[in-house]
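Q: Give the three-dimensional model of this entry:
(2 chains)
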Amino acid sequence: MQFGIFTVGDVTVDPTTGREPTEHERIKAMVAIALKAEEVGLDVFATGEHHNPPFVPSSPTTLLGYVAARTERIILSTSTTLITTNDPVKIAEDYAMLQHLADGRVDLMMGRGNTGPVYPWFGQDIRQGIPLAIENYALLHELWRNDVVDWEGRFRTPLQGFTSTPRPLDGVPPFVWHGSIRSPEIAEQAAYYGDGFFANNIFWPRDHFVRLINLYRDRFEHYGHGTREQAIVGVGGQVFMRKNSQDAVREFRPYFDNAPVYGHGPSLEEFTDQTPLTVGSPQEVIDKTLTFRDSFGDYQRQLFLMDHAGLPLKTVLEQLDLLGEEVLPVLRTEFAARRGADVPAGPTHAALVARRDEAAAESAANESAPAL
Amino acid sequence: MAQPVKLVVVSAGLGKPSSTRMLGDRLAEATGRQLLDRGVEADVHTVELRDVAVDIAHNLVTGFPPPGLRAAIETVTRADALIAVTPIFTASYSGLFKSFFDVLDNSALTGKPVLIAATGGTARHSLALEHALRPLFAYLRATVTPTSVYAATGDWGASAGAGDDLAARIARAGGELADLAAGLPRAAAAPAAEFEEVVPFAEQLAALRRG
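A: Numbering: from 1, shown residues only, chains lettered A, B, ... in the order given. Below you'll find the model as predicted:
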């Protein structure tokens, strides 16, 4: 089980002070948060990709490359990489380059992006969102697996004898997750390739995501990648903690009430009741996170949203200390104790290389076996 | 006897008591009576939008229905026939009425028999039913009865038997809804489970290649 954080990269006014950080401050804060994530023992740091204000992370591989140079152990990922508006050739190149620089500590999560006006800025059309996600990913998948690619599709110029460079590290492409909030087509796509499926989970009631994840698990098994229990699932979460539950609620309420996406709507109490948001003590965070396994089954990656809605950097770093000191050790022990015997661990470059080598050894053994 | 018709009244009335709710009740009673004439019982449920008004606003903000609203949406989605009644505000249906149908899935009413009705201070607004409500339900692909019922303040006190009075219009509309509802197989209106049908990935890819 891997634990990490994912950031949207929003520039939001701190509602308690009225102060809005500059883009420069926010970008540097994202780096500080990533470094802190490694320091407190988290396994994954993932950044969003956005091309419109109030968001800053338009260039994820630049950010992640910088973080890679200053960290040793943490996996660098995305939440999400826009498979619709980015040229899949450029994604193949950028993330293979990052994978080399980070010595394999890279994976990424595909997403479509739900902001209509962004699409035409990159020559695309949101009405083609699902077909773009399907075709572009099919090309990306091929570019990372075949040294020379001939390609013709609907959405980009054809390729003839094209080689995407650099080739993936050790000949093994970065692991890919597919994130979706509501589209069964994307769960089907993840299952078809045997890739991971990530349920954002944070803003909506969980029974919705239970149906999506169950669909993915069924189809993963259908396509012969393993049993439905062995499918690779990631889940989002959102927490705010203080030692005392009441302090957490009092401090977080103004950020909740004014948050982009759900602010000015239901009360904090209603929202924590109806969605996976937890505002309370570390023990409450532990208890609620463990219930995710009851809903979704054994899963491989838990990402928390910790740094949005205008929370100051100092507060976010304190949150990460609490997460690392009070929550993480217990969650690691508890999830490990509950995990089924045949359930794979979270994906790493080393594990993917080992799996590739095992498969090669197996097929070599079969070929050399005497015919009966 | 055949399985009962699940008849649901959606009332956007705000007062307690409300003339909009009262019109909904009388339409339900007229429909139920005429269903009985056709040998079918009516199982009547009423959804008062006033009770879920705050939930509807939350759904608009968060994108998902709180539990109370979710129950109301399920009641309406599973109905065999619907009576939708709104007060006329500022020349059209009320904002609350429209917001409820905005948060319904846009296939929830497909093929469902619907009787539309409205209340207002003066009969001058009666064509709002034809200009506003009928296109709304046409968009949702519901089957709307030819007769819609508008009750102005004056209608409630008018004497019965004066030709096309309110009681006669209620009876005619109820008969039309009963005809539509009695002819439908029951429980067929239940919505398909979410994600029940997935297009296999190979077909999704092939569709692009054919493109």
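Q: what does the longest helix seen in chain A rub up against?
A: Longest helix of chain A, by residue count under DSSP state H: helix A:349-368. Residues outside helix A:349-368 that contact it (CB atoms under 8 Å, 6 or more residues apart in numbering or on different chains): A:99, A:103-106, A:169-172, A:174-175, A:344-345. C-beta: built from backbone N, CA, C; applies to glycine.
Q: how deep is residue A:252 tucked in, by neighbour count?
A: Per other CB atoms under 10 Å in any protein chain shown, the neighbour tally for residue A:252 reads 24.
Q: where does whatever residue of the stretch 201-350 of chain A ends up closest to chain B land in three-state SS?
A: The nearest approach of the stretch 201-350 of chain A to chain B comes at residue A:265, 3.4 Å away (CB to the nearest CB). Using DSSP: H, G, I helix; E, B strand; the rest coil, the three-state assignment for residue A:265 comes out as coil.
Q: ok, now which ones touch it?
A: A:271, B:57, B:58, B:61, B:62.
Q: Can you report phi and psi for the residue sitting nearest the centre point of chain B?
A: Geometric centre of chain B, nearest residue: residue B:84, 3.4 Å, by CA atoms, centre = their mean. Torsion angles at residue B:84 (phi, psi; degrees, to the nearest 10) stand at phi -110, psi 120.
Q: Setting the sequence-adjacent residues aside, check what's closest to it.
A: Spatial nearest neighbour of residue B:84, chain neighbours left out: residue B:10 (4.9 Å); criterion: CB to CB, 6 or more residues apart in numbering or on different chains.
Q: and residue A:33, backbone torsions?
A: According to degrees, to the nearest 10, residue A:33 has phi -70, psi -40.
Q: so it touches residue A:4, yeah?
A: No. Contact criterion CB atoms under 8 Å: residue A:33 and residue A:4 do not qualify, at 11.3 Å.
Q: Overlap in contacts, the two.
A: With CB under 8 Å, 6+ apart as the test, residue A:33 and residue A:4 both reach residue A:45.
Q: ok, so what distance separates the residue of the stretch 201-350 of chain A closest to chain B from residue A:116?
A: 22 Å (CB to CB, to the nearest Å).
Q: Please apply the same query to residue A:63.
A: For residue A:63 relative to residue A:116 (CB to CB), the value is 25 Å.
Q: now residue A:367
A: From residue A:367 to residue A:116 the distance is 52 Å (CB to CB).
Q: Between the two, point out the one with more neighbours.
A: For the pair residue A:367 and residue A:116, the greater number of neighbours falls to residue A:116 (11 against 7), based on other CB under 10 Å.
Q: Let me see the contact set for the closest residue in space to the more buried one that isn't next to it in sequence.
A: In space, and not counting its chain neighbours, residue A:116 is closest to residue A:126: 4.4 Å by CB to CB, 6+ apart. By CB under 8 Å, 6+ apart, the contact list for residue A:126 reads A:84, A:113, A:114, A:115, A:116, A:118, A:119.
Q: And residue A:88, by the same measure?
A: Counted by CB under 8 Å, 6+ apart, residue A:88 has contacts A:136, A:137, A:139, A:140, A:143, A:156.
Q: how close does residue A:100 sit to residue A:169?
A: 5 Å.
Q: What residues does the stretch 51-200 of chain A have near chain B?
A: Proximity of the stretch 51-200 of chain A to chain B, by CB under 8 Å from any CB of the partner chain, involves residues A:130-131, A:134-135, A:138, A:153-154, A:184-185, A:187-189, A:191-192.
Q: Which elements pack onto the longest strand along chain A?
A: Looking across chain A with DSSP state E, the single longest strand is strand A:233-241. Contact here means 3 or more CB pairs under 8 Å, 6 or more residues apart in numbering or on different chains; DSSP states H and E; on that basis strand A:233-241 packs against strand A:196-199, helix A:206-222, helix A:245-257, strand A:278-280, helix A:282-296, strand A:301-305, helix A:313-322.
Q: So for residue B:126, which of the ones you listed sits nearest?
A: Ranking those by distance to residue B:126, with CB to CB as the measure, places helix A:206-222 first at 41.3 Å.
Q: Output the closest one in PDB with nothing but the alpha carbons.
A: The C-alpha trace of helix A:206-222 is given here as PDB (Å, rounded to 0.1, in the frame of the first residue of the first chain):
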ATOM      1  CA  ARG A 206     -18.700   6.800  -2.100                       C
ATOM      2  CA  ASP A 207     -21.400   4.500  -3.400                       C
ATOM      3  CA  HIS A 208     -20.900   6.100  -6.800                       C
ATOM      4  CA  PHE A 209     -17.200   5.200  -6.800                       C
ATOM      5  CA  VAL A 210     -18.000   1.700  -5.500                       C
ATOM      6  CA  ARG A 211     -19.900   1.100  -8.700                       C
ATOM      7  CA  LEU A 212     -17.100   2.500 -10.900                       C
ATOM      8  CA  ILE A 213     -14.400   0.500  -9.100                       C
ATOM      9  CA  ASN A 214     -16.400  -2.700  -9.200                       C
ATOM     10  CA  LEU A 215     -16.900  -2.200 -12.900                       C
ATOM     11  CA  TYR A 216     -13.100  -1.800 -13.300                       C
ATOM     12  CA  ARG A 217     -12.400  -4.900 -11.200                       C
ATOM     13  CA  ASP A 218     -14.800  -7.100 -13.200                       C
ATOM     14  CA  ARG A 219     -13.400  -5.900 -16.500                       C
ATOM     15  CA  PHE A 220      -9.800  -6.300 -15.300                       C
ATOM     16  CA  GLU A 221     -10.500  -9.900 -14.600                       C
ATOM     17  CA  HIS A 222     -12.400 -10.300 -17.900                       C
END
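Q: Is that helix positioned near chain B?
A: Yes. Using CB under 8 Å from any CB, we find that helix A:206-222 touches chain B at A:208, A:211, A:212, A:215, A:219.
Q: rewinding a little: quick check on residue A:100 and residue A:169: which one has the bigger neighbour count.
A: Between residue A:100 and residue A:169, counted using other CB under 10 Å, the more crowded position is residue A:169 (20 against 16).
Q: element containing residue B:17?
A: For residue B:17, there is no host helix or strand (DSSP states H and E).
Q: Then residue B:150?
A: Since the elements are taken from DSSP H and E, residue B:150 ends up inside strand B:149-152.
Q: What's the first helix or strand after that strand?
A: Following strand B:149-152 in sequence order, the next helix or strand is helix B:153-157 (DSSP H and E).
Q: Report all helices and strands that the longest helix along chain B contacts.
A: If each helix of chain B is counted by residues according to DSSP H, the longest one is helix B:19-37. Contact partners of helix B:19-37 among helices and strands, from 3+ CB pairs under 8 Å, 6+ apart: strand B:5-11, strand B:42-48, strand B:81-89, strand B:113-120, strand B:149-152, helix B:166-182.
Q: which ones are touching residue B:133?
A: For residue B:133, the contacting residues are B:84, B:86, B:93, B:116, B:118, B:148, by CB under 8 Å, 6+ apart.
Q: dump the residue contacts of the residue nearest to the centre of chain B.
A: Residue B:84 touches B:10, B:97, B:114, B:115, B:116, B:117, B:133, B:137, counting by CB under 8 Å, 6+ apart.
Q: can you pull out the strands in the stretch 1-150 of chain A?
A: A:2-7, A:44-47, A:75-78, A:81-82, A:107-111, A:149-151 (DSSP state E, counting those that start in this stretch).
Q: Which elements pack onto whichever helix or strand comes after the last one?
A: Just to be clear, that refers to strand A:149-151. On the C-terminal side of strand A:149-151, the closest following helix or strand by DSSP H and E is strand A:159-162. Secondary-structure packing of strand A:159-162 (3+ CB pairs under 8 Å, 6+ apart): strand A:149-151.
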